[in-house]
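heads up, no residue letters with this:
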Ligand SMILES: [Cu+2]
């Protein structure tokens, strides 16, 4: 009886947590923006990455050209890629194209928003309002859910598949 109610309580808690970390979908013209998030910054860090998923439900391409917000002095659209085994980052001067019918994901290790000159440290659990600027859809307000320092995906442990090496370490121990 006791353990049963404990399981119930746990289940309820898990449900609460997973709904609270789910970012709201934002619609702007033909674009649907989901899972906008960022990471908490250790004190003193002046830069941060912003991540989100953009789906283009229209019939013409659009382009994410820049971002802005009170949180940072400057926000750029960046691409991170491997070049001869070295991670390199560059600003996409012409923006990031979202082809019609396609979904583009900004995520750690790939495309991202780069926030420079952060005004305050980003704290886990906060929501950071940012304005995105698209060539066609225009200015779109989103809010980035702040996840833990070093998080690899929105919602943390719910999506631990990518870039998480703890599983491999467990294998070795066995
Ligand atoms: Cu960057």
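Structure's in. What do you need? Owing to the predicted nature of the structure, the values given are computational and were not obtained by experimental measurement.

all helices of the chain, in order?
Under the criterion DSSP state H, helices of the chain are mapped to 2-20, 166-173.

need the least confident one among those, by mean pLDDT.
Of all the helices of the chain, the minimum mean pLDDT falls on helix 166-173 (a mean of 32).

Look up the residues forming beta bridges with residue 27.
Judged by DSSP bridges, the bridge partners of residue 27 are residue 32.

Based on its surroundings, how many neighbours for it?
When neighbours are counted by other Cβ atoms under 10 Å, residue 27 registers 13. Bear in mind the C-beta positions are built from the backbone N, C-alpha and C, glycine included.

Quick check: it vs residue 134, distance?
Applying Cβ to Cβ, to the nearest Å, the value for residue 27 to residue 134 is 12 Å.

hey, what's in contact with both of those two?
Taking Cβ atoms under 8 Å, 6 or more residues apart in numbering as the contact criterion, no residue touches both residue 27 and residue 134.

List the buried residues for stretch 79-94?
80, 92 (16 or more other Cβ atoms under 10 Å).

avg pLDDT for it?
92.

Could you give the separation of it from the chain centroid?
Mean C-alpha position of stretch 79-94 versus that of the full chain (Cα atoms, centre = their mean, to the nearest Å) differs by 18 Å.

Mean pLDDT per helix and strand in this protein: which one sits at the bottom?
When each helix and strand of the chain is scored by mean pLDDT, DSSP states H and E, helix 166-173 comes last, with a mean of 32.

Please consider this matter closed, and thank you.
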